[in-house]
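Q: next input, structure requested:
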Amino acid sequence: MRCAVAVLVALASGTLTAGCESAAEKAADKQLGSAQRQVQCAASATPVARPSGVPAGLPIPAQAVLFQVDDRGKDGLVLSAVSSEPFKNVLAAMNAGYSTNGFKITGGETEEHDAEANWAAGGRRGRWAIREISSQCPGDTLVTVLVSPA
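A: Numbers count the residues shown, from 1 in each chain. Okay, here's the model as predicted:
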């Protein structure tokens, strides 16, 4: 009950505490985390094509370079992109893109240098995560998106 109250308070305020993560959210974080180990900087990222199986209109900031797609079988696809835009700009683009393009945000959290959110749309579900990677790539923001069957 305590976690449910925390979730309701967090949703009302626009944040979600990590302590109440479900098993599915933890699994999605693990999928995203393994992709985040393979970072490319925006200035030198080699673009790859967006794969089939990704919902039409899946928001990835326009200025971001999609540089890696990992097929995780039954767990779905993990898309990795990098942007030269600062974290706060990428966060605004992700929030706007997912809230206005038919994607329903079902929970998430924002911290000073990273953020993530769960989403559902068109028979698919997923999780996006963004992380400031200035220590590896000055000024860059990493974007990872998990796309799974619902």
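Q: element containing Lys88?
A: helix 87-100 (DSSP states H and E).
Q: please, where are all the helices along this protein?
A: 2-13, 23-36, 87-100 (DSSP state H).
Q: so in the chain, where's the weakest helix or strand by average pLDDT?
A: Lowest on mean pLDDT, DSSP states H and E among the helices and strands of the chain sits helix 2-13, with a mean of 32.
Q: ok, and for stretch 109-125, which residues are buried?
A: Of the residues in stretch 109-125, 109-110, 114-119, 121, 124-125 count as buried by neighbour count, 16 or more other Cβ atoms under 10 Å. Backbone N, C-alpha and C define where each C-beta goes, glycine included.
Q: end-to-end on stretch 77-90?
A: 21 Å (Cα to Cα, to the nearest Å).
Q: so who does Arg131 touch?
A: When contacts are counted by Cβ atoms under 8 Å, 6 or more residues apart in numbering, Arg131 is found next to 36, 87, 113-114, 141-142.
Q: what about the residue nearest the centre of the chain, distance to Glu109?
A: Here the mean C-alpha position of the chain is nearest to the C-alpha of Trp128 (Cα atoms, centre = their mean), at a distance of 1.4 Å. For Trp128, the distance to Glu109 equals 12 Å [Cβ to Cβ, to the nearest Å].
Q: overlap of the contact sets of the two?
A: 116-117.
Q: what about Gly139, how many residues nearby?
A: 15 (other Cβ atoms under 10 Å).
Q: my read: it touches Asn89, true?
A: No. Contact criterion Cβ atoms under 8 Å: Gly139 and Asn89 do not qualify, at 10.5 Å.
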